[in-house]
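# What follows is a predicted protein model with its sequence.
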Amino acid sequence: MTEKEGRAPQEPARSPAKIRADHEPLQVLASDTLALQGDVQRLVTFLNRSLKDDGYIFGLRLAEDGRYFLTIYKA
């Protein structure tokens, strides 16, 4: 924190990371935006651990409106 301003200095804005994959894209089986509560991340982790040997991957991201965007992939 700087004494003169009374607040912490801001970090410079970062540009989004570029992601590059050296594999085939995953096939999207289904996706939906859902209003969920509770241990949502834990549920997705459970599904991923339970079904990865069958070739399913579950993705979860938080939408801007506070709902969750769930995607099911086939690897």
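Here it is on my side, so go on. As the structure is a prediction and not an experimental result, all values here were calculated from the model. Residues are numbered from 1 along each chain as shown.
# Every contact and neighbour count from this point should use C-alpha atoms.
Will do.
# Tell me the bridge partners for the residue nearest to the spatial centre of the chain.
Among the residues of the chain, the one closest to the centroid is Arg61, at 3.7 Å (Cα atoms, centre = their mean). Counting by DSSP bridges, Arg61 is bridged to Phe69.
# what number of residues lie near the nearest residue to Gly55 once chain neighbours are set aside?
The shortest distance from Gly55 to any non-neighbouring residue, by Cα to Cα, 6 or more residues apart in numbering, is to Ala75 (5.0 Å). Ala75: 14 surrounding residues under other Cα atoms under 10 Å.
# which parts of stretch 59-68 are buried?
The neighbour-count check on stretch 59-68 (16 or more other Cα atoms under 10 Å) flags Leu60, Tyr68 as buried.
# would you put the C-alpha positions of it in CSV?
The C-alpha atoms that make up stretch 59-68 are tabulated as CSV, following Å, rounded to 0.1, in the frame of the first residue of the first chain:
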residue,chain,number,x,y,z
GLY,A,59,-16.8,-28.8,-17.6
LEU,A,60,-18.2,-26.1,-15.3
ARG,A,61,-17.9,-22.4,-15.5
LEU,A,62,-19.6,-19.5,-13.7
ALA,A,63,-21.8,-17.4,-16.0
GLU,A,64,-21.9,-13.6,-15.6
ASP,A,65,-25.4,-13.8,-14.1
GLY,A,66,-24.3,-16.1,-11.3
ARG,A,67,-25.7,-19.3,-12.9
TYR,A,68,-23.4,-22.2,-13.9
